[in-house]
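Visitor: kindly return the folded structure for what I paste below:
(chains A and B, ligands or ions: 1)
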Amino acid sequence: MFEENQLAFDRVQLLNEEGKINNPSSDMPISNDTMLHMYKWMKKARLMDEKLLRMQRQGRIGTYAPLSGQEAAQVGSAFALEKSDWLCPSYRDLAACMVHGMPFDQVLRYVKGHLYGSRNAEGLRMLPIQIIIAAQTLHAVGTAFAAKLKHEHTVSVSYFGDGATSQGDFHEALNFASVYQLPVVFFCQNNHYAISVPRKQQTASNTIAQKAIAYGIKGVQVDGNDLVGVYQVMKEAVQRARNDEGPTLIEAETYRLGPHTTSDDPNKYRSKEEVQQWMEKRDPIIRVKKYLISNQLWNEDEEQSLVASLQQEMDIEIDQVEKEPTPSLAEAFDYVYATKSNQLVEQQKYVTTFSQDKGGDLHG
Amino acid sequence: MAKMTLLQAIKQALELEMEQDERVVILGEDIGENGGVFRVTDGLQKQFGKERVIDTPLAESAIIGTSVGMSLNGMRPIAEIQFLGFIYEAMDQLASQAARIRFKTAGGYSVPLVIRSPYGGGVRTPELHSDSLEALFSHTPGLKIVMPSNSYDAKGLLIAAIRDDDPVLFLEPMKLYRAEPQEIPEEAYEVEIGKAKLVKEGFHATIVSWGPPVVTLKKIVESYEQEGIHLELIDLRTVAPLDQETILQSVEKTERLLIVHEAVKTNGVGAEIAASVSEKGIFSLAAPILRVTGFDTPYPVGMVEDDWLPNESRIRKMIDELLSY
Ligand SMILES: Cc1ncc(C[n+]2csc(CCOP(=O)(O)OP(=O)(O)O)c2C)c(N)n1
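Guide: Just a heads-up that it's a prediction; the model follows:
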């Protein structure tokens, strides 16, 4: 018999808040070089986040969902994937997307609301960013199902938040994946809030990871702000999936430091002390930096020049994307069906001539 | 050529397409061992194996959502929703996921997915089994909606749907599953999606319909013929995209239009047809556009459904009214 919420769970943590390895005698899952490489990605994600927030305030991009605080969860997990694996992201997973291959200029088009902002790059196995909470969990099940039927050894990973675990699709996805033993990893970033609703009001289970038990799959909880721990559990889950040993649910406990989106005021539902705690003590980037510095792999000079060059790279790309011509509404009609219906042809013609009459401007 | 019911025709289409294209898989509740609640997929699991005829857990959103993922990764899934009323469970996966991916990715990805589902009344089903929900989905850009009324069209349209690169909702009129068998070719053939069929030529008035009422209308039109009244009958076959041209051409000739459908009246597909004929053909009309439809109530219980459906007497009365102008 199970007593509810009496299940014993070990929360995985390898790199602690002080930037020290908890059990130095055990093997590190990543080399120092890789660690540095991952650190640069985390830094890039943080700088991008700050930049995009500023751009949103200046009216240069639309609503934006910042990811700061979740860099270890995203970078660590995406690093465990092969290029041929499928990544099914939500709106807060841009760092994971970029590690997997989504170029920064495409991120910019997406946040600008460009007609081609969600077009997939050739050969990149990544679904468009999902807005509907938990819908992508099923798409990951589907891509994994197809991979299994085609005897391809690819793994599908779906990213979602703690709020998503309340949705039917999440449960249907876990169940399908388990019944058919599909190569899927369900990667939950429990950042403790679904907009304003705290995790405890989302589910009465002690952990999200334990939900796996009911579906007969493996569940793991990891310190989501621990880059090394996240990488390790993700690597294992991906390996299991690839070896046909079935799906895994990973709960990465993390925290978003900023608002839910640029239209949200988190002061309404989170105390300053709580946020401060996470910022000062558990920031995933500071932790890795401490480790790198104490192991003589990094110093402040290198940090400064990294920041400067990342800023410069971003500015150049932003400048280029902002100079791109605006797509016309008329182009939108080309992508509803493989072949346009007569109605679409007619409406497209209308839009084209209307905008020509207006000198190319539909609004004036 | 062999005589086949609509059900057999659909099954044959599935079989032929599964044989010629390995990417085609079918999935749904009770479709494997049991062969589907109407036996449409009977024997297919034996023939093609459990990997291609997949009995799923009872979860509509998962059936469609998984199919979306499968088609993104190169398969051509055919999902079955056991009865159309259960598709509400999967509304998001169909309307906001499957139908929009081509648009969202500006043509980068497409979802070649067919969703088959029985629908339609007159068979005394429990609640939510008979509803005609085509209008609901015709408001979803990116989706095609096919509703055959006979075996020949059903087979050809289903094959076309399976080969189509966009998601197609393929609605099967339950009442006609085992209706009169029709001679149809054994081999695979396509009936073009988006093209209405001129069932019967005439010049006194045009009647546009789709699904089960077409069968009723054929008889009605014949009996008017004996009285010297020549009605033109159009079977829409595809609700989205809508074949406005065929309807307009006919109305220009007959100057009168009656629309008959089973779904509820308000905001129905009939309203869209009436609006587009008003926009493009109002000066050819000699009478108001009339409709015979279901009523604006939920699909009713069995004891009153025959009165709710567009039945023969209501249709005749409306034809007479149309001709009286
Ligand atoms: C089906 C659906 N319902 C509601 C929303 C509105 N909404 C957007 S984000 C969000 C909270 C999601 O929280 P969580 O799953 O924890 O992810 P997080 O934002 O924390 O990354 C809500 C309610 C939505 N996008 N989709």
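Visitor: is stretch A:109-118 positioned near chain B?
Guide: Yes: on the criterion C-beta under 8 Å from any C-beta of the partner chain, stretch A:109-118 is in touch with chain B at A:Leu115, A:Tyr116, A:Ser118. All C-beta spots, glycine's among them, are computed from the backbone N, C-alpha and C.
Visitor: quick check, central residue of the chain?
Guide: Using chain A here. A:Asp93 (2.0 Å; C-alpha atoms, centre = their mean).
Visitor: for that one, give me its contacts.
Guide: By C-beta atoms under 8 Å, 6 or more residues apart in numbering or on different chains, the residues touching A:Asp93 are A:Leu67, A:Gln74, A:Ile129, A:Tyr159, A:Gln189.
Visitor: so what's the residue count around the third one?
Guide: Under the neighbour criterion other C-beta atoms under 10 Å in any protein chain shown, A:Ile129 is assigned a count of 23.
Visitor: and if you look at the fourth one?
Guide: For A:Tyr159, the tally of surrounding residues (other C-beta under 10 Å) stands at 30.
Visitor: break down chain A into its strands, ranges please.
Guide: For chain A, applying DSSP state E gives strands covering A:11-12, A:86-88, A:156-161, A:184-190, A:193-194, A:197-198, A:218-223, A:248-253.
Visitor: hang on, the earlier thing: most neighbours of all the residues of stretch A:109-118 next to chain B, which one?
Guide: Scoring these on neighbours with other C-beta under 10 Å, the highest-scoring entry is A:Ser118 at 20 neighbours.
Visitor: is it true that that one touches B:Lys104?
Guide: Yes: between A:Ser118 and B:Lys104 there is a contact at 4.8 Å, judged by C-beta atoms under 8 Å.
Visitor: re earlier: from the residues of stretch A:109-118 next to chain B, which is closest to A:Glu273?
Guide: A:Ser118 (38.7 Å; C-beta to C-beta).
Visitor: quick one: the spatially closest residue to that closest one that is not a sequence neighbour and A:Tyr116, what's the gap?
Guide: Closest residue to A:Ser118 apart from its sequence neighbours, by C-beta to C-beta, 6 or more residues apart in numbering or on different chains: A:Pro128 at 4.0 Å. Distance, A:Pro128 to A:Tyr116, by C-beta to C-beta, to the nearest Å: 11 Å.
Visitor: same check, this time on B:Ile63
Guide: Distance from B:Ile63 to A:Tyr116, by C-beta to C-beta: 31 Å.
Visitor: low-scoring stretches of the chain, by residue?
Guide: Using chain A here. Chain A contains residues with pLDDT under 70 at A:1-2, A:357-364.
Visitor: can you tell me the residue of it closest to the ligand?
Guide: A:Gly161 (2.1 Å; C-beta to the nearest ligand atom).
Visitor: quick one, what contacts that residue?
Guide: A:Ser90, A:Arg92, A:Ile133, A:Cys188, A:Gln189, A:Asn190, A:Asn191, A:Ala194.
Visitor: neighbours of the closest residue to chain A within the stretch 151-300 of chain B, how many?
Guide: In the stretch 151-300 of chain B, the residue that lies nearest chain A is B:Pro241 (3.3 Å; C-beta to the nearest C-beta). Look at B:Pro241: counted by other C-beta under 10 Å, it has 20 neighbours.
Visitor: and the nearest residue in space to it that is not next to it in sequence, how many neighbours?
Guide: Excluding the flanking residues, the one nearest B:Pro241 by C-beta to C-beta, 6+ apart is A:Ser341, at 3.3 Å. By other C-beta under 10 Å, the residues close to A:Ser341 number 21.
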